[in-house]
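Undergrad: below are the sequence and a predicted model; questions follow.
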Amino acid sequence: MIAFIIRRLIQSIGVLLLTSVLVFCGVFAIGDPIAILVPADASPAEIAQAVQSLGLDQPLWQQYLHFIGRALHGDLGRSFVFNQPSIQLILERLPATLELALVALVLALIVGLPLGLIAGLKAGSVFDRTVMTGSILGFSLPNFWQGIMLVLIFSVTLGWLPSAGRGQPGMLFGIHTSLATWDGFRHLLLPALNLSLFKMSLVTRLTRAGVRETLPLDYVKFARAKGLRERRVIFVHVLKNILIPIVTVVGMEFGSLIAFATVTETIFAWPGVGKLIIDSITKLDRPVIVAYLLIVVAMFTLLNLAVDIIYSLLDPRVRLEAA
């Protein structure tokens, strides 16, 4: 296990290094932030001074080497717009995005697992066809359209939930979170629901498919032949085994929830990293864009490692040394 983790960490460092090259060259070779940051009536001397202060007068390869040198000391550059460390700006917004993604994932599991389990046990029934139709809609409808409809129905028409902002967060177990107050929870519910709809459909279909594949297997028939209660057969022999692929997929999907929450955060004015990155792209704030992408890649890498470890704990037959 330790050898596997060390090997994966070394691979992760290589992935991060290659990604840094691609991201840095791709982002820094596009557009001209000086045209946005400097006033239109600026003199050539002021423009030259701005270029020099941002380090844009150096060749691209030299800028990259300086970036790598600073990154090894935890410095991913300073924002062109805010004149603050990029990683500080991201870490200030990251808790809001993590909170949104975590609640969305919990909603997807709470709703998707029971729906998929019941649909798999009652295959071909009206309930099964209804759930599968709903999951297709969850896959097919654009995320931004779902968000607009949620705002229109629950905020504009019914007036039940607020449509924008994070509300008033509070302290819960020493953590600053919207879940600690009723106002914060009300503001969190709609964006979390919007972000979870696609994952909810995914979990539902994965669970149903797993149940349908597992029920005809010999060990399930043997458990029933022993006279075990149906509830024990379902929750111990069926659900435990189908959780292995679900955990694998859901673990990676949690990373995508964090990385691709941009649309949801924009629609609901959620003050997370997604909104920050949209503003940074608009203003060509290159250090923030690069820092965000590298943090996302590192997050995906660590999540992948965590999923592999959890996979082995759920199924001891998995040979991590062969991975």
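TA: Nice, thanks for sending it over. Residues are numbered from 1 along each chain as shown.
Undergrad: quick one, helices of the chain?
TA: Ranges of helices in the chain, per DSSP state H, are 2-28, 33-37, 44-53, 60-71, 86-121, 126-140, 143-150, 182-214, 218-225, 230-232, 239-259, 262-267, 273-282, 286-314.
Undergrad: make CSV out of those and add mean neighbour count, mean pLDDT and distance to F80.
TA: The way it works is simple: take the backbone N, C-alpha and C, and place the C-beta from them, glycine included. As requested, the helices of the chain are exported to CSV (neighbours: other CB atoms under 10 Å; pLDDT from 0 to 100; distance: least, CB to CB, whole Å):
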stretch, mean neighbour count, mean pLDDT, distance to F80
helix 2-28, 14, 76, 12
helix 33-37, 15, 63, 5
helix 44-53, 12, 71, 9
helix 60-71, 14, 77, 13
helix 86-121, 20, 86, 9
helix 126-140, 15, 84, 39
helix 143-150, 16, 85, 28
helix 182-214, 22, 85, 28
helix 218-225, 13, 76, 60
helix 230-232, 10, 77, 60
helix 239-259, 18, 74, 23
helix 262-267, 21, 84, 20
helix 273-282, 20, 80, 9
helix 286-314, 19, 75, 7
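Undergrad: mind putting those into a markdown table with distance to T157?
TA: A markdown table is the format used below for those (distance: least, CB to CB, whole Å):
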| stretch | distance to T157 |
| --- | --- |
| helix 2-28 | 42 |
| helix 33-37 | 39 |
| helix 44-53 | 49 |
| helix 60-71 | 49 |
| helix 86-121 | 22 |
| helix 126-140 | 20 |
| helix 143-150 | 10 |
| helix 182-214 | 13 |
| helix 218-225 | 47 |
| helix 230-232 | 41 |
| helix 239-259 | 27 |
| helix 262-267 | 17 |
| helix 273-282 | 25 |
| helix 286-314 | 36 |
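Undergrad: looking at those helices, which is nearest to G77?
TA: Nearest to G77 among the helices of the chain is helix 286-314; the distance by CB to CB comes to 3.3 Å.
Undergrad: so for D32, what's the pLDDT?
TA: Here, the pLDDT recorded for D32 equals 64.
Undergrad: let me know which of the helices of the chain is the nearest to M171.
TA: In terms of CB to CB, the element of the helices of the chain nearest to M171 is helix 182-214, at 11.0 Å.
Undergrad: and the closest one, what other elements does it pack with?
TA: Applying 3 or more CB pairs under 8 Å, 6 or more residues apart in numbering; DSSP states H and E, one finds that helix 182-214 contacts helix 86-121, helix 126-140, helix 143-150, helix 239-259, helix 262-267.
Undergrad: please redo it, this time with the cut-off set to 10 Å
TA: helix 86-121, helix 126-140, helix 143-150, strand 170-172, strand 175-177, helix 239-259, helix 262-267 (3 or more CB pairs under 10 Å, 6 or more residues apart in numbering; DSSP states H and E).
Undergrad: for the ones you listed, which one sits closest to V220?
TA: helix 239-259 (9.0 Å).
Undergrad: who are the neighbours of the closest one, in terms of helices and strands?
TA: helix 86-121, helix 182-214, helix 273-282, helix 286-314.
Undergrad: run the angle between that helix and helix 86-121 for me.
TA: Orientation note: helix 239-259 sits at an angle of 150 degrees relative to helix 86-121 (axes from the mean of the first three to the mean of the last three CA atoms, to 10 degrees).
Undergrad: next one: helix 239-259 to chain centre, how far?
TA: Relative to its parent chain, helix 239-259 has a centroid offset of 12 Å by CA atoms, centre = their mean, to the nearest Å.
Undergrad: now that helix - C-alpha only, CSV.
TA: Output of helix 239-259 as CSV, limited to C-alpha atoms (Å, rounded to 0.1, in the frame of the first residue of the first chain):
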residue,chain,number,x,y,z
LEU,A,239,-25.9,-2.8,-2.2
LYS,A,240,-22.4,-3.4,-0.7
ASN,A,241,-21.1,-4.9,-3.9
ILE,A,242,-22.6,-2.3,-6.2
LEU,A,243,-21.1,0.5,-4.1
ILE,A,244,-17.6,-0.2,-5.5
PRO,A,245,-18.1,1.2,-9.0
ILE,A,246,-20.4,3.9,-7.6
VAL,A,247,-17.7,5.1,-5.1
THR,A,248,-15.1,5.1,-8.0
VAL,A,249,-17.3,7.3,-10.2
VAL,A,250,-18.7,9.5,-7.5
GLY,A,251,-15.2,10.2,-6.2
MET,A,252,-14.1,11.6,-9.5
GLU,A,253,-17.4,13.3,-10.0
PHE,A,254,-16.9,15.3,-6.8
GLY,A,255,-13.8,16.8,-8.4
SER,A,256,-15.8,17.7,-11.5
LEU,A,257,-18.4,19.4,-9.2
ILE,A,258,-15.7,21.6,-7.8
ALA,A,259,-14.1,22.3,-11.1
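Undergrad: what angle sits between that helix and helix 218-225?
TA: 130 degrees.
Undergrad: pLDDT at A42, what is it?
TA: pLDDT, read off for A42, is 66.
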